[in-house]
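Curious how this folds, go ahead:
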Amino acid sequence: MSRVPDLPAAPVLPPATVGILGGGQLGRYFVMAARTMGYRTVVLEPDQFSPAGAAADVHLTAPYDDASALATMAAECAVVTTEFENAPASAMTALARQTLVRPGARAIEITQDRRSEKRFLESVGVPVAPYTVIETEDDLVAPTQAFPAILKTARLGYDGLGQVSVAGPAALASAWDRLGRVACVLEQRLAFEREVSVVLARGVDGSLAVYPVATNVHVDGILDLTTVPDTGVGSDLAPALAGRIAAALDFVGVLAVECFVVDGRLVVNEIAPRPHNSGHWTLDAAMTSQFEQQVRAVCGLPLGNAGLTGGAAAMANLLGDLWQPDHPDWVAVLADDCVHLHLYGKREPRPGRKMGHLTVTAENADEAGARVLEQRARARSVRPARH
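All right, here's what the predicted structure looks like:
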């Protein structure tokens, strides 16, 4: 049996090769940051047209658990990370036998299943919404939490997918049927004041770089708007809470913690073992972007400054709906010299699909949020597509 390699005494330095599982926009920005810093990059992603694959030095077009592709990645890469929490545990384990994998397989396994994630959070004293695990028909009889609630698939749900609102016990069985009768978590819907998130980087030595707390607004389960900094009641508790979670996971990399603010206290909704949509503003308005931090952390380098470069920033997602009935008017949007446009290189705009985002900087968060929404609305002008 192959031996798990010892951690190197020295960091992984350019021009070493770094790898990432997953080919979406998070992987794309990781690759871009790594290449800017002088690293060679390898992406493992089955989609031949993936955003990250197009930016990488090498794109291994194969399933995530393909033995040959994993062997190639392990042989070429000094360290491997992931852009999503649903990477097969078997793939992470296979890679870890031959090269460094950061964050470790344990953190990925915990966060890719809502059941294990909630149990882990409870075990380290972190508050979560009341919930019931639904795995069999017997679990439908007497849920332990109050209604209304949300039934969520235990695995593979994202951006509002794999979720059904449940008004009361009588609707639970039909909701479970709609989700394919797979393992689920039934969460009580909380009356929260606002949603916040904190993104941090944790190094191999346990050092932390914590970004300002963000205020988030979701529409139909998809993040719509993020503003920073959040200065409301409860936000001052978020950095320490996120740091405690990262330490308990023995985490190395970039971690996001999403919370509800309920009566001035924080209730954790989800954790993501990777850069996060609510951290995209860092590309334009932070001293160090969350993606450069990911490279620094997994390579064992000192972490960068996570502070804002100005007073405030806001990020608004651009979904495929914006391309209907015609191509967005980016000329009108970019007439505002404080707007930054990011498009992810996805070939097909579909309703609900994240195609890109806008970032705006301003003196305060309210101004930044209003401005970025105004500019996104301007993009809806009907004009001929220009390619």
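
When you work out contacts or count neighbours from here on, use the C-alpha atoms and nothing else.
Will do.

ok, residue 183 touching residue 154?
Yes. Residue 183 is within contact range of residue 154, at 5.6 Å (criterion: C-alpha atoms under 8 Å).

more crowded one of those two?
Neighbours per residue (other C-alpha atoms under 10 Å) separate residue 183 from residue 154, with residue 154 holding more: 22 against 18.

need the longest helix for the protein.
Longest helix of the chain, by residue count under DSSP state H: helix 365-378.

Other residues contacting that helix?
Applying C-alpha atoms under 8 Å, 6 or more residues apart in numbering, the contact partners of helix 365-378 are 225-230, 311-316, 318, 329, 332-333, 336, 339, 358-362.

what comes up buried for that helix?
Neighbour counts using 16 or more other C-alpha atoms under 10 Å place 365-369, 371-373, 375-376, 378 of helix 365-378 among the buried residues.

and if you look at stretch 107-123?
If you call a residue buried by 16+ other C-alpha under 10 Å, then stretch 107-123 has these buried ones: 107-115, 117-118, 120-121.

do stretch 356-366 as well
Within stretch 356-366, the residues scored as buried using 16+ other C-alpha under 10 Å are 356-362, 364-366.

if we can go back for a sec, okay, who's weakest in the buried residues of helix 365-378 by pLDDT?
Among those, residue 378 carries the weakest pLDDT, at 93.

if I look at that one, how far off is residue 372?
Distance from residue 378 to residue 372, counting by C-alpha to C-alpha, to the nearest Å: 10 Å.

Which parts of the stretch 201-350 of the chain are helices?
Using DSSP state H, counting those that start in this stretch, the helices of the stretch 201-350 of the chain run over residues 238-248, 282-285, 290-298, 330-334.

How far away from the center of its chain is the second one?
Going back to what we said before, that points to helix 282-285. Taking C-alpha atoms, centre = their mean, to the nearest Å, one finds helix 282-285 lying 16 Å from the centre of the chain it belongs to.

elements contacting it?
Helices and strands touching helix 282-285, as assessed by 3 or more C-alpha pairs under 8 Å, 6 or more residues apart in numbering; DSSP states H and E, are absent.

Touching that helix from outside, list them.
288-290, 308-310, 312-313, 340, 359, 361.

I'd say residue 262 and residue 189 touch.
No. In this structure, residue 262 is not within contact of residue 189 by C-alpha under 8 Å, at 11.4 Å.

and the protein, what are its domains?
Domain assignment for the chain, taken from automatic domain parsing, gives 17-101, 130-188, 194-378.

Between those, which one is closest to residue 11.
Smallest distance to residue 11 across the domains of the chain (C-alpha to C-alpha): 4.6 Å, for domain 194-378.

first to last residue in the closest one, what's the distance?
With C-alpha to C-alpha as the measure, domain 194-378 spans 27 Å from end to end.

mind listing the strands for the stretch 101-250 of the chain?
Assigned by DSSP state E, counting those that start in this stretch, the strands in the stretch 101-250 of the chain fall at 131-134, 149-153, 163-166, 184-188, 194-202, 208-210, 214-219, 222-228.

so which of these gets nearest residue 79?
Nearest to residue 79 among those is strand 194-202; the distance by C-alpha to C-alpha comes to 15.8 Å.

and that closest one, what does it pack onto?
Contacts defined by 3+ C-alpha pairs under 8 Å, 6+ apart place strand 194-202 against strand 208-210, strand 214-219, helix 238-248, strand 253-262, helix 290-298.

quick one, which of those is packed in tightest?
Most buried of those, by mean neighbour count (mean count of other C-alpha atoms under 10 Å): helix 290-298, with a mean of 28.

Quick one: list the elements packing against it.
Applying 3+ C-alpha pairs under 8 Å, 6+ apart, one finds that helix 290-298 makes contact with helix 25-36, strand 79-82, strand 194-202, strand 253-262.

Mind checking the ones you listed for the one nearest to residue 141?
Residue 141 lies closest to strand 253-262 among these, at 27.9 Å (C-alpha to C-alpha).

Paired strands for that closest one, with orientation please.
Strand 253-262 pairs in its sheet with strand 194-202 (antiparallel), strand 265-272 (antiparallel), by DSSP bridges.

So for residue 3, what's the pLDDT?
Turning to residue 3, the model gives it a pLDDT of 41.

re the thing from before, would you reformat the helices of the stretch 201-350 of the chain as JSON lines and include distance to residue 130?
Shown next, in JSON lines, are the helices of the stretch 201-350 of the chain (distance: least, C-alpha to C-alpha, whole Å):
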{"stretch": "helix 238-248", "distance to residue 130": "19"}
{"stretch": "helix 282-285", "distance to residue 130": "33"}
{"stretch": "helix 290-298", "distance to residue 130": "31"}
{"stretch": "helix 330-334", "distance to residue 130": "43"}
